[in-house]
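# Generate a structure from the sequence data that follows.
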Amino acid sequence: MKSLFFSLPASLLTGILLLLLLFACKKDPYEIGIDLLPPSDTLHLMSTDTCTVKAFSVRQDSVRTNNPGTLMLGSIADPIFGKTTCSFYSQALLSTEGADFGTLPVLDSLVLMLFYSGYHGDTTTEQNVKVYEMSDDICADSLYYSNQQVRIYSTVLANQNFKPHPNDSVTVSGKKMKAHLRINLNKLTNCLGNKILSAPSSALASNTAFIKYLKGLYVATTPVNSRGAMLNFETSTSLSKLVVYFHDGTDPSNDSLDFEMPLSSSAARFIHIDHNGYLDASQELKRQILNHDSAQGANQLFLQGLGGVKIKVKFPFMSKFGNGKVVAINDAILRFYNPEADTSYSPPATLYLMRQDSIGRVGYVIDENEGSSYFGGTYDQTTRSYYFRITRHMQKMMMNYYSNHFDLYLMVTNPLSNSLVPGRVILNGTNPLLPGALTNRFQLKVTYTILN
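From the prediction side, this is the model:
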């Protein structure tokens, strides 16, 4: 007798075989078609870049800044994003536990040395820095965020103007040293220097005791009015440090003593970031992030690091993709373009695409498991564009796989890490008005197979 399978039409037979394969395989059924090529010419491979994408800029919530790889300090006045300042809180640790300053130590000077490890912006702009002693404890194993502050004593230990020289060596007492910023902490008052030299032996016995005695420093920046830069300072090498210079009052021959207290990677520290409420930002940016006019995202989209501005991305009709037909998504690429060819603000080298639900929980997109070369996020200088491949994510959305509602967010700073990036970029929107920009719009291109 003739087999039933061979009496069926070819297209129906192909569909049945695919369904059998789907149920027989241990793989997630929503991934079928993602890495499987069409088995016959009866399957229809199609492509579209007209999927509806809603995108607009919003303010990013605070980001983690505890125990960063470098200390960040400085101010930038951006003509589009307005003023941003970074200040930091940090403990200073004993270089030697059980230190002994002698019977009668006399203060000569107290200097905060911050060794450069990089910068972003214009270093020809003069900046102002103020230093205070912290009155609250901070802990190395606690989480701190960019909008947090701790209490400080009101006494100003330093109020110093400077121009950054991150590439120039510094000569100190005839000795050439690596580029660093030197802040004199005894020019205005001797109180902190004398506090260190008069510390009881119990406070100098261990770092645990010392950070209870001297909780740390708050190093703050005054906002600049134009240009400016963000400066990074070393922590991993223990070069950045607080140094007290003194002599022994009972022995005139001991006239050049010093003791170091590094702001090292072992010290608790965090960065405070202030965007000044975006009061100095451009009107175009304010309409989106302050007035919440999401329609403005059709023309331009704004991104800023340091917990500044992110882009909310929605695909409102993805669940209706295919018009009721059985569809497998072979490829889905979200691509966006930077129209600014010449700017003093370099676009971020890498962006992050994250998912966030209605109560603020942040997670990674499933396609990121395939690796960065597949997932994307790196800036292409030749095409001035970024892309993210979100094939598996879109397949699951189309199948209504996710029970918990969430949106995608494009960010410069990953909120799940403490890596701080000061970059910013302005992208074409989803339906830009500028001539010729429509072909380089913020878009989703989907390649898919119709299974029936």
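
# Looking at stretch 298-305 now, give me its mean pLDDT.
Confidence for stretch 298-305, expressed as mean pLDDT, is 95.

# Which stretches in the stretch 1-150 of the chain count as strands?
44-48, 54-59, 71-78, 82-90, 105-121, 127-133 (DSSP state E, counting those that start in this stretch).

# Also compute the angle for the third one relative to strand 127-133, please.
Relative orientation of strand 71-78 and strand 127-133, computed by axes from the mean of the first three to the mean of the last three CA atoms, to 10 degrees: 140 degrees.

# by contact count, what packs against strand 71-78?
Contact partners of strand 71-78 among helices and strands, from 3 or more CB pairs under 8 Å, 6 or more residues apart in numbering; DSSP states H and E: strand 82-90, strand 105-121, strand 127-133, strand 217-221, strand 227-233, strand 269-274. To be clear about C-beta, it is placed using only N, CA and C from the backbone, and glycine gets the same treatment.

# now the helices for this protein?
Residue ranges of the helices in the chain, as given by DSSP state H, are 10-24, 191-197, 201-204, 207-213, 283-289, 372-375, 391-398.

# right, so those: which one is the most enclosed?
Among the helices of the chain, judged by mean count of other CB atoms under 10 Å, the one packed with the most neighbours on average is helix 391-398 (a mean of 22).

# Report the contact partners of Phe246.
101, 105-108, 193, 197, 257-259 (CB atoms under 8 Å, 6 or more residues apart in numbering).

# Format the residues you listed as CSV; extra columns: distance to Ser146 and pLDDT.
Converted to CSV, the contacts of Phe246 look like this (distance: CB to CB, whole Å; pLDDT from 0 to 100):
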residue, distance to Ser146, pLDDT
Phe101, 37, 94
Pro105, 39, 94
Val106, 41, 94
Leu107, 35, 96
Asp108, 37, 94
Gly193, 31, 97
Leu197, 35, 97
Leu257, 39, 91
Asp258, 35, 94
Phe259, 33, 96
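
# so where is the protein shaky, pLDDT-wise?
Across the chain, the ranges flagged by pLDDT under 70 are 1-43, 342-343.

# That one - how does it break down into domains?
Domains of the chain are assigned by automatic domain parsing as 29-60+281-450, 71-267.

# mind giving me JSON lines with these and columns for distance to His275?
Shown next, in JSON lines, are the domains of the chain (distance: least, CB to CB, whole Å):
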{"stretch": "domain 29-60+281-450", "distance to His275": "6"}
{"stretch": "domain 71-267", "distance to His275": "5"}
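
# Could you point out which of the ones you listed sits nearest Asp274?
In terms of CB to CB, the element of the domains of the chain nearest to Asp274 is domain 71-267, at 4.9 Å.

# how long is that closest one end to end?
Distances were taken as CA to CA, to the nearest Å; on that basis the terminal residues of domain 71-267 are 11 Å apart.

# Check stretch 345-361 too.
Start-to-end span of stretch 345-361 (CA to CA) is 31 Å.

# ditto for stretch 112-132
The distance separating the two terminal residues of stretch 112-132, taken as CA to CA, comes to 12 Å.

# Enumerate the positions of that stretch that are buried.
Under the neighbour-count criterion of 16 or more other CB atoms under 10 Å, stretch 112-132 has 112-117, 119-123, 125, 127, 129-132 buried.
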